[in-house]
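Asker: Based on what follows, work out the 3D shape:
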Amino acid sequence: MDARDVLGAALLDEVPGLYRYARTLARDRTQAEDLVQETLTRALEKADTFRGDSSPATWLHRILHNLAVDRARRSREVPVDDVAEAVETLWGDDAYTVDAETVALRAQTRADLEDALVHLPVPYRSAVLLHDVEGLTALEVATVQSVSLPAAKQRLRRGRMMLVSELARGPERRAALKGVPMRCRDARSQVSDFLDGDLDDAQAALVVRHLEACPTCPPLYAALVATTEALGDRRTRQGDRDPDSVVPPDLARRVGALLDRATD
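Answerer: Below is the predicted model of the structure:
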């Protein structure tokens, strides 16, 4: 069996692990599903490039990791270097400590653990998940992330430190969000559907209550509304000025030709 056959035979078996990794790496279930689907699509497209130098699991996780990093860059997460410097400074302070019992208890609670993980920048979140959840070696993590072995070990070390600090900060976040219905990540995953009027009355009411009480989500929603309205205004202005300018004539002809050939 050649390398491509090995990959093909492994694809289905690797889906649960890929989804588990994506589910915590991504910010919501829909993003995780999209990441897995896109990973498998890319893998099938690039099957000829799989040489068997690494396991199918490592190769597939590398594709998913790269997709997740690209998405994080587009979403403009907090600069990774800033977060890394902050955790090194924090843990370098002899006076800094945490309540180990609280951290251990929260780590055993799925919602608390996921809430803490999602606050880690993608490279560090990925290193922790790949090594401590998926069981990849540090060398395999380095392969997935396309970094050196020392860099992978550093990311794992920093990622674990960040996770402990985030778990310790859980009570602070809960206090800030006391009385706020829904978690921010859940509200933000539904806010686009809320904007479009696609939620049922009960779910829409929950989002409204969240926006009324949350200290961080209302500016994000206001910015989303303003951006969406600006895009709609742009479409309207272009349509009023020159309807044909929205789709260039040459592109319109090529699209028409494609449709004609498809229906012949």
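Asker: helices or strands up against the one helix or strand residue 102 maps to?
Answerer: Element membership for residue 102, per DSSP states H and E: helix 100-107. Secondary-structure packing of helix 100-107 (3 or more CB pairs under 8 Å, 6 or more residues apart in numbering; DSSP states H and E): helix 110-117, helix 149-168, helix 170-176. Every residue, glycine included, has its C-beta placed from N, CA and C.
Asker: contacting residues around the helix or strand where residue 194 lies?
Answerer: Under the criterion of DSSP H and E, residue 194 resides in helix 184-195. Identification of contacts with helix 184-195 by CB atoms under 8 Å, 6 or more residues apart in numbering yields 27-30, 115, 118, 177, 199, 203-204, 206-207, 210-211, 214, 216-217, 220-221, 224-225, 228.
Asker: Narrow the residues you listed to just the buried residues.
Answerer: Among the contacts of helix 184-195, those scoring as buried are 27, 115, 118, 177, 199, 206, 207, 210, 211, 214, 217, 221 (criterion: 16 or more other CB atoms under 10 Å).
Asker: Relative to residue 53, which of the helices and strands packed on helix 100-107 is closest?
Answerer: Of all those, helix 149-168 sits nearest to residue 53, with 15.7 Å by CB to CB.
Asker: what's that closest one in contact with?
Answerer: 83-84, 87-88, 90-91, 98-99, 102-103, 106-107, 112-113, 115-117, 119-120, 123-128, 131-132, 138-139, 141-142, 145, 147.
Asker: If any of these are buried, put those into a PyMOL selection.
Answerer: A single PyMOL command suffices to select whichever of the contacts of helix 149-168 are buried according to 16+ other CB under 10 Å:
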select buried, resi 83+84+87+103+106+112+113+115+116+117+119+120+123+124+125+126+127+128+131+138+141+142+145+147
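Asker: Measure how buried residue 89 is and give me the count.
Answerer: As a burial measure, residue 89 scores 10 neighbours (other CB atoms under 10 Å).
Asker: Oops, could you answer that again for residue 82 instead?
Answerer: Count around residue 82 with other CB under 10 Å applied: 10.
Asker: Quick check: which element contains it?
Answerer: helix 80-91.
Asker: and the angle for that helix with helix 149-168?
Answerer: 70 degrees (axes from the mean of the first three to the mean of the last three CA atoms, to 10 degrees).
Asker: which regions of the stretch 101-250 of the chain lie under the pLDDT threshold?
Answerer: 171-180, 231-250 (pLDDT under 70).
Asker: And stretch 98-117, how far out from the chain middle?
Answerer: 20 Å (CA atoms, centre = their mean, to the nearest Å).
Asker: what about that stretch, start to end distance?
Answerer: Taking CA to CA, to the nearest Å as the measure, stretch 98-117 stretches 17 Å from start to finish.
Asker: Then stretch 166-186?
Answerer: Stretch 166-186 stretches 19 Å from its first residue to its last (CA to CA).
Asker: please begin residue numbering at 9 from this point
Answerer: Got it, first residue is 9 now, which makes that one stretch 174-194.
Asker: still on that earlier bit, C-alpha coordinates for the helix holding residue 90, PDB please?
Answerer: Written as PDB, here are the backbone C-alpha positions of helix 88-99 (Å, rounded to 0.1, in the frame of the first residue of the first chain):
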ATOM      1  CA  VAL A  88       0.800  36.500  20.200                       C
ATOM      2  CA  ASP A  89       4.100  38.100  21.200                       C
ATOM      3  CA  ASP A  90       2.300  40.400  23.600                       C
ATOM      4  CA  VAL A  91       0.500  37.500  25.300                       C
ATOM      5  CA  ALA A  92       3.700  35.400  25.500                       C
ATOM      6  CA  GLU A  93       5.600  38.300  27.000                       C
ATOM      7  CA  ALA A  94       2.900  38.900  29.500                       C
ATOM      8  CA  VAL A  95       2.800  35.300  30.800                       C
ATOM      9  CA  GLU A  96       6.600  35.200  31.000                       C
ATOM     10  CA  THR A  97       6.500  38.400  33.100                       C
ATOM     11  CA  LEU A  98       3.700  37.100  35.300                       C
ATOM     12  CA  TRP A  99       5.300  33.800  36.000                       C
END
